[in-house]
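Q: What shape does this take:
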Amino acid sequence: MFRGKTGRGIYIKYILIMAVVLFFCLELDHFAHERAEKTEDADRVPAVELAGYLQIIPLTPEETRTLILPDMGEYLTGEDVYTLLEFLRLDELAETVGQEIPFQRTDFLTREIWCQIYERLLTELGQAEQVEITEIQYLGMLSSEGRLMADNGNYDCDPEGIDFVYGENYQVYVFGNILLGRAFPAAQQETEESGEENQEEQTGQVQIPENVSVLVTQDNSEQICRENVYLSGDAGLMAAVSGQDGSEQCQAGQVLNCGEWMNNRAAEAMVVTAGENGRIYITDESGNIHSSGYRGAFRLSRNENGIWIVNEISMEEYLYGVVPGEMPESFEAEALKAQAVCARTYASRLVNEKKYEDFGADLDDTTDCQVYLPSQENEKAVNAVNDTAGKILAFQGNLAEIYYFSTSCGFTSGLEVWQLNGPDYLRSVSLLQSPELEVGKSISVDEFLRKTDIFSYDSESRYFRWTVQLDLTSSLSRVLEEIRQEIEKGSGKVGIEAAGGSGVSGVEDLGGFQGMTVNGRSDSGTVTDLSLQFENGRVHLYHENTIRCVLAKAMTAVTDKNGELVHTLNMLPSASFSVEDSGGGKATLYGGGLGHGIGMSQYGADGMAKAGKTYSDILTFFFPGTEIAGVS
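A: As a prediction, the model looks like this:
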């Protein structure tokens, strides 16, 4: 009996195993089929691109979309080629093209086949000599103006047919200043054929841009567009229309009126370079200098809003102005090196985010990215950059996610203070040099944040401990307005609830302020849930930046650890604080640190360097599990 049951069990298991294997095989076949279809789609030519290619006929993109595209599908086929040639009344070419180039009427055209047909068409029309194949790096699109921005200038194009990736290089057909469409030269074909062979070698390699494009705003109150731009150079300037050969010289000390220069040449963009070993300066009309001296080149573009400036510069020269913009010259050399590696890593990631793509830039020169101040360039910062040239922080073969800030409260924070889940290397670490101090055990968080005799790697900072006086009653309208704006964003950083079942439709229904309570903290002690109690409801603030911005509207005094008043902060120094409620809407916050608290404490890095730590020690301490890697 038992043998019978066992035999039957084995038979059932065998059937189940066979079913699983069959299912797996079907799924594998389905996956392979889907992957093949995606690969085929990527190699096909969208019919919409014809509107760009046919500008050489000449047909306007609108005429192509009206007269030709309605008879075609999503992707070009061999049949579409004959339809196009018949429309252009090229009957003789229609008879021979299928014999000269291997394609069938029912086939979808690959990019390679289409480009062979297109070049044959250009020859038939006598336009082959006028059309060039050139390589560009795509730097964004001004769709409203029908202009594509590239590393070698701006091109007129049909925006609807352009599906390029920012920062990538492309071979394209160009007629004068018109970009017609993508090309497929032999060199590109060889590269793609060898791509699979090199795929394993490329996997996991870290890509560090050799050059970056920086949107210049610091001299203009962080405003992007200007009515006009005046430039001068200590070694003269060379000006050229973007995308065109030839340049004009401007002598040293002479002021270049860029708006007028472009008007005189009917240009919408220009490139300005400095003379040998010279710098470019932004001036007023009279030549009074208003900016740093910039290395590299300036690319100026304009639209109806005005002119904007992009500084094209090498990554390392860019960092010459970032390191001193982010860390004082007085800091130790190893701390400056750590800052250089962080800044290089951060900039490399920003290039891929395309935040400033519409302006043809990778990043800007403010705290939204990294502070870029060429005027602060100094020997120690330059040495730190040069000594770490090409070095970044990597995690499992990829660029690490890097953040840094001024000063901690004794602990750094993880991304939970931004309501995010982060990688393991972005977690709270202790900078305390008092290992016997166990926060949460031997001392509470509130006691810890009020304690001033603590030794930490960054305790020399004036913001290691601070106090803030709040008056939420007299500043209630400003506080509520800040809350209202955050609620309207729908960011999830603010929650609002009614008291006792009464309805609260908005902040205007909350009534008077009654008090605040800390409901949640991260492991670092940073507040992650602060509730503000009102007569008719309660508001919860969940994000460190939001907490700092809302409470800043009620700040009446900020005092640093040395007892000195601070008048330069427009935000709460950090979200690591203890609350002492004085009643009547007034409170005192006892806090520590300056900044968001995530990643590397800059004062902490300096303290570690003074203790004999190398930049490698510093970085692996703040980002455990990462490694310093070089250019691949």
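
Q: now the strands for the stretch 351-500 of the chain?
A: For the stretch 351-500 of the chain, strands defined by DSSP state E, counting those that start in this stretch occupy the ranges 363-364, 392-395, 398-399, 404-405, 466-471, 494-498.

Q: any chance of those strands in a markdown table, with distance to residue 450 and mean pLDDT too?
A: Where you see a C-beta, it was placed from the backbone N, CA and C, and this is true even at glycine. Shown next, in a markdown table, are the strands of the stretch 351-500 of the chain (distance: least, Cβ to Cβ, whole Å; pLDDT from 0 to 100):
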| stretch | distance to residue 450 | mean pLDDT |
| --- | --- | --- |
| strand 363-364 | 39 | 94 |
| strand 392-395 | 35 | 94 |
| strand 398-399 | 39 | 90 |
| strand 404-405 | 22 | 94 |
| strand 466-471 | 9 | 97 |
| strand 494-498 | 27 | 85 |
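
Q: Out of these, which gets nearest to residue 159?
A: Minimum separation from residue 159 across those (Cβ to Cβ) falls at strand 363-364, 23.7 Å.

Q: lowest-pLDDT helix or strand in this protein?
A: When the helices and strands of the chain are scored by mean pLDDT, DSSP states H and E, helix 195-202 comes last with a mean of 36.

Q: So which of the strands of the stretch 351-500 of the chain is nearest residue 302?
A: strand 363-364 (17.6 Å).

Q: List the strands paired with that closest one, with their directions.
A: Using DSSP bridges, the strands paired with strand 363-364 in its sheet are strand 211-215 (parallel).

Q: Using CSV, write out the CA atom coordinates for the strand it pairs with.
A: Output of strand 211-215 as CSV, limited to C-alpha atoms (Å, rounded to 0.1, in the frame of the first residue of the first chain):
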residue,chain,number,x,y,z
ASN,A,211,33.8,68.0,-20.5
VAL,A,212,30.7,69.6,-18.9
SER,A,213,28.4,72.5,-19.9
VAL,A,214,27.6,74.8,-17.0
LEU,A,215,24.6,77.3,-17.1
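
Q: Give me the contacts around it.
A: The list of residues contacting strand 211-215 from outside it, by Cβ atoms under 8 Å, 6 or more residues apart in numbering, reads 139, 224, 299, 308-315, 318, 347, 351, 356, 359-365, 372.

Q: From those, list just the buried residues.
A: 139, 224, 299, 308-313, 315, 318, 347, 351, 356, 359-365, 372 (16 or more other Cβ atoms under 10 Å).

Q: wait, which of the strands of the stretch 351-500 of the chain is closest to residue 257?
A: Closest approach to residue 257 among those is made by strand 363-364 (24.7 Å; Cβ to Cβ).

Q: gap between the closest one and the chain center?
A: Distance of strand 363-364 from the chain centroid (Cα atoms, centre = their mean, to the nearest Å) equals 8 Å.

Q: Show only the entries of the contacts of strand 211-215 found in helices.
A: With helices taken from DSSP state H, the overlap with the contacts of strand 211-215 comprises 315, 318, 347, 351.

Q: what about the spatially closest residue to the third one that is not a sequence neighbour, distance to residue 361?
A: Think residue 347. The shortest distance from residue 347 to any non-neighbouring residue, by Cβ to Cβ, 6 or more residues apart in numbering, is to residue 212 (6.1 Å). Residue 212 sits 9 Å away from residue 361, going by Cβ to Cβ, to the nearest Å.

Q: And residue 136, by the same measure?
A: 16 Å.

Q: next one: residue 168
A: Where residue 361 is concerned, residue 168 sits at a distance of 16 Å (Cβ to Cβ).

Q: Also residue 244?
A: 21 Å.

Q: Residue 341 too?
A: Distance from residue 341 to residue 361, by Cβ to Cβ: 23 Å.

Q: Low-confidence ranges, the stretch 301-450 of the chain, go.
A: Low-confidence segments of the stretch 301-450 of the chain (pLDDT under 70): 435.

Q: tell me the helices in it, going along the chain?
A: With DSSP state H, counting those that start in this stretch as the criterion, the stretch 301-450 of the chain has helices at 315-326, 333-353, 379-387, 445-450.

Q: would you list those in CSV and tack on distance to residue 511?
A: Shown next, in CSV, are the helices of the stretch 301-450 of the chain (distance: least, Cβ to Cβ, whole Å):
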stretch, distance to residue 511
helix 315-326, 44
helix 333-353, 42
helix 379-387, 53
helix 445-450, 28
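
Q: helix, strand or coil for residue 517?
A: strand (DSSP: H, G, I helix; E, B strand; the rest coil).

Q: That one is in contact with residue 531, isn't it?
A: Yes: contact status for residue 517 versus residue 531: in contact at 4.9 Å, counting by Cβ atoms under 8 Å.

Q: Residue 421 and residue 415 touch, don't they?
A: Yes: Residue 421 is within contact range of residue 415, at 6.6 Å (criterion: Cβ under 8 Å).

Q: higher neighbour count, those two?
A: Neighbour comparison, residue 421 and residue 415: the larger count goes to residue 415, with 18 against 9 (by other Cβ atoms under 10 Å).

Q: Can you tell me, leaving aside adjacent residues, what's nearest to that one?
A: Nearest non-adjacent residue to residue 415, counting by Cβ to Cβ, 6+ apart: residue 422, 3.3 Å away.

Q: what's near enough to touch residue 318?
A: So residue 318 contacts 212, 214, 347, 372 (Cβ under 8 Å, 6+ apart).

Q: Outside of stretch 98-115 itself, list whatever touches it.
A: 40, 43-45, 75-82, 116-117, 120, 182-184, 189.
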